[in-house]
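**Student:** Here is my input, please return the structure:
(chains A and B)
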Protein chains: 2
Amino acid sequence: MQAPICVGIDPVWDRLPASVRRAAVGSSGVPTSAAEAVDDIRRFVSGVLKAVVKHVPCVKFQSACFERYGWPGVRVYEETVAEAVAMGLIVVGDAKRGDIGISADHYAAGCLSDLPFAEMAGRAGPDALTINAYFGDDGVSPFRDAAQKAGKGLFALVRTSNPGGDALQSLSLADGRNVAEAMAGIVARLGEVPGCVGTSGYSLLGAVVGATKPRDAARLRELMPRQLFLVPGFGAQGGSADDVRPCFKPDGTGALITASRSVLFAYEKPKTEDWTGAIERAAVEMKAAVGRILG
Amino acid sequence: MQAPICVGIDPVWDRLPASVRRAAVGSSGVPTSAAEAVDDIRRFVSGVLKAVVKHVPCVKFQSACFERYGWPGVRVYEETVAEAVAMGLIVVGDAKRGDIGISADHYAAGCLSDLPFAEMAGRAGPDALTINAYFGDDGVSPFRDAAQKAGKGLFALVRTSNPGGDALQSLSLADGRNVAEAMAGIVARLGEVPGCVGTSGYSLLGAVVGATKPRDAARLRELMPRQLFLVPGFGAQGGSADDVRPCFKPDGTGALITASRSVLFAYEKPKTEDWTGAIERAAVEMKAAVGRILG
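**Tutor:** Okay, the predicted model is just below:
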């Protein structure tokens, strides 16, 4: 059985294995050509996908790491996402888009759908997209409707894993909830409209719930019974196996645990040239760690 | 004197003037080639920029409308943003990005900075970027630091113009504020660190405050004395001149009023082949309307 884990693909050029970094660099140490930099990133991501595909069901692509190189980066994002989909992995596009009306429609079409153009023929988009629901109902519904039509999924940000998230998300409301809990209520409500809940009992509209706040996670699990949780923060950000336990339901379903840097850059410590081996071992270790939680 | 107005560049292929739409379409009426679709969009945007440059100081590019076409769309986004900068317009990249840590760094580098790669040599990025601050402090500070380094600006979403924004933003906190006011407090605090406030008294970290909630705007104006307000929702979304008045300070500074569809698609009603003329006239009218507010 596959463990409910996800490897985050957050490639940072400076941290790629030396053998992968072939782009010419200028005096500042930064690649001079975006195309060369993203060729290195493409090679790295391909290696990562091959190293983890036997051990994990899901990968999450961090759009920012590709957008950093402008349109050539976006091109490699699209190509490597499609490569992962073609390998049979479930792919989350972690682009955290958010807008309203026609703009939200356009983000859903561009970032979630399989693009219907000749240039991208046969190249699938991700299976799910992360979104930012600060806009409320009419910021979420265009994404939800597009996901339903495409047979795909969404994860709306509810509780982020960073310490600063408390500044807004932990504020107490007059009704006793906090802001993250109110967001959970919005997501739960928007996710249970007809046609959005599958035979599993889960909605196509899931939630991002950071692994660093176990007490909050338990409460959010109650408030969002139909939401799959995408749980970042495991590993490098400090979330432990105990921290993520409350994200699961008692039957062991309901959460997808994500680690990015602790797997992706596993060849850095201890330093090894066998970077794909190190990444594979880290994925296997993560699988075992999450497997132990689910006992 | 220039009026503090901004034209939103939200190109939607289906609504482009017939003479501009040259892309071949498939049976569903959608362009079959992304490159052809975005060539049409590029031609349209160039025409819009030339039509409005004499009348408005600023344009705002809606990233979603370009991302909808995948990487070829992002390429045209970058090229038309650079074209607008080269024409002397102040350009806001309306991409509403939000993330933390290295991902936020990467978004700031990709979406706000002038990309340092050979492929984009001499092509400037936008002067400012919209961001989503649901992440709190460590979601904003990477963007703020990058903006400071690049001499650019930011607008964080505080109060969005859509009706559904109330679902979260209008919730009452235990301390009597609502969520949007709490967000205003975060933005005000993060925007006043050393080096971020210019001689004008305004911070490089501004705020998005929708034009559709005048009462809220007055309160937010008090809470964010150092923030320039980017005010969408004027025109097509229903915001009137009276609605936007509270976004300004008594001295007439502090707000940048944005209209998108009412200017961009002015050739639709009344329908005319002279689309650049209609757009220019709509920009002139908008300038006069905002000028009247400021007396």
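**Student:** All the strands of the stretch 151-295 of chain A, residue numbers only.
**Tutor:** Taking DSSP state E, counting those that start in this stretch, the strands of the stretch 151-295 of chain A run over residues A:153-159, A:205-209, A:229-231, A:255-259.
**Student:** before we move on, what about the stretch 1-150 of chain A?
**Tutor:** With DSSP E, counting those that start in this stretch as the criterion, the stretch 1-150 of chain A has strands at A:5-9, A:58-62, A:90-97, A:128-131.
**Student:** Now render these as TSV, adding mean neighbour count, distance to residue A:33 and mean pLDDT.
**Tutor:** Quick note: C-beta positions are derived from backbone N, CA and C, even for glycine. Formatted as TSV, the strands of the stretch 1-150 of chain A follow (neighbours: other C-beta atoms under 10 Å in any protein chain shown; distance: least, C-beta to C-beta, whole Å; pLDDT from 0 to 100):
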stretch	mean neighbour count	distance to residue A:33	mean pLDDT
strand A:5-9	26	22	97
strand A:58-62	25	22	98
strand A:90-97	26	24	98
strand A:128-131	27	29	98
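**Student:** and stretch A:81-91, how far apart are its ends?
**Tutor:** 7 Å (C-alpha to C-alpha, to the nearest Å).
**Student:** For stretch A:166-173, C-alpha coordinates in PDB please.
**Tutor:** Extracted C-alpha coordinates of stretch A:166-173, given in PDB (Å, rounded to 0.1, in the frame of the first residue of the first chain):
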ATOM      1  CA  ASP A 166      -0.400  33.500  13.400                       C
ATOM      2  CA  ALA A 167      -0.500  37.300  12.800                       C
ATOM      3  CA  LEU A 168      -3.800  36.900  10.900                       C
ATOM      4  CA  GLN A 169      -4.800  33.200  11.200                       C
ATOM      5  CA  SER A 170      -4.700  33.000  15.000                       C
ATOM      6  CA  LEU A 171      -6.700  36.200  15.700                       C
ATOM      7  CA  SER A 172      -9.800  35.500  17.800                       C
ATOM      8  CA  LEU A 173     -13.200  36.300  16.400                       C
END
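**Student:** residues of it that come out buried?
**Tutor:** Residues A:166-169, A:171, A:173 are the ones in stretch A:166-173 that count as buried (16 or more other C-beta atoms under 10 Å in any protein chain shown).
**Student:** One more: stretch A:69-80?
**Tutor:** Within stretch A:69-80, the residues scored as buried using 16+ other C-beta under 10 Å are A:69-80.
**Student:** Repeat that for stretch A:220-236.
**Tutor:** Buried residues in stretch A:220-236 (16+ other C-beta under 10 Å): A:220-221, A:223-224, A:226-236.
**Student:** near chain B at all, it?
**Tutor:** No: residues of stretch A:220-236 contacting chain B under C-beta under 8 Å from any C-beta of the partner chain: none, with a closest distance of 9.7 Å.
**Student:** what do you get for stretch A:15-32?
**Tutor:** Yes: contact of stretch A:15-32 with chain B (C-beta under 8 Å from any C-beta) involves A:26, A:28, A:30-32.
**Student:** where does stretch A:33-40 sit relative to the chain's centre, distance-wise?
**Tutor:** 23 Å (C-alpha atoms, centre = their mean, to the nearest Å).
**Student:** what is the mean pLDDT for it?
**Tutor:** Per-residue pLDDT over stretch A:33-40 has a mean of 98.
**Student:** Can I get that stretch in PDB? Just the C-alpha atoms.
**Tutor:** C-alpha atoms of stretch A:33-40 as PDB (Å, rounded to 0.1, in the frame of the first residue of the first chain):
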ATOM      1  CA  SER A  33      20.800  32.400 -19.300                       C
ATOM      2  CA  ALA A  34      17.400  31.500 -18.000                       C
ATOM      3  CA  ALA A  35      17.200  28.700 -20.500                       C
ATOM      4  CA  GLU A  36      20.400  27.100 -19.300                       C
ATOM      5  CA  ALA A  37      19.300  27.400 -15.600                       C
ATOM      6  CA  VAL A  38      16.000  25.700 -16.300                       C
ATOM      7  CA  ASP A  39      17.600  23.000 -18.400                       C
ATOM      8  CA  ASP A  40      19.600  22.100 -15.200                       C
END
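**Student:** And that stretch, what's buried?
**Tutor:** Buried residues in stretch A:33-40, counted by 16+ other C-beta under 10 Å: A:33-40.
**Student:** Pull the residues that contact that stretch.
**Tutor:** A:13, A:16, A:20-24, A:31, A:66, A:69-70, A:72-73, A:75-76, B:115, B:117-120 (C-beta atoms under 8 Å, 6 or more residues apart in numbering or on different chains).
**Student:** rerun at 6 Å
**Tutor:** By C-beta atoms under 6 Å, 6 or more residues apart in numbering or on different chains, the residues outside stretch A:33-40 that reach it are A:13, A:16, A:20-23, A:31, A:69-70, A:72-73, A:76, B:117-119.
**Student:** Helices - which of those land there?
**Tutor:** Here DSSP state H is the test, and those give A:70, A:72-73, A:76 as lying in helices.
**Student:** coming back round to it: for the buried residues of stretch A:166-173, which one is nearest chain B?
**Tutor:** Of all those, chain B sits closest to residue A:167, with 3.4 Å by C-beta to the nearest C-beta.
**Student:** Nearest residue to the closest one in space, ignoring adjacent ones along the chain?
**Tutor:** For residue A:167, ignoring the flanking residues on the chain, the nearest one in space by C-beta to C-beta, 6 or more residues apart in numbering or on different chains is residue B:136 at 3.4 Å.
**Student:** count of neighbours near the one you found?
**Tutor:** For residue B:136, the count of nearby residues is 23 (other C-beta atoms under 10 Å in any protein chain shown).
**Student:** follow-up on the earlier one: so which of the buried residues of stretch A:69-80 would count as near chain B as well?
**Tutor:** Restricting those to those adjacent to chain B (criterion: C-beta under 6 Å from any C-beta of the partner chain) gives A:70-71, A:74-75, A:78.
**Student:** before we move on, the earlier item: need the contact list for the residue nearest to residue A:167.
**Tutor:** Counted by C-beta under 6 Å, 6+ apart, residue B:136 has contacts A:164-165, A:167-168.
**Student:** what do you get if the cut-off is 7 Å, keeping everything else the same?
**Tutor:** By C-beta atoms under 7 Å, 6 or more residues apart in numbering or on different chains, the contact list for residue B:136 reads A:164-169, B:186.
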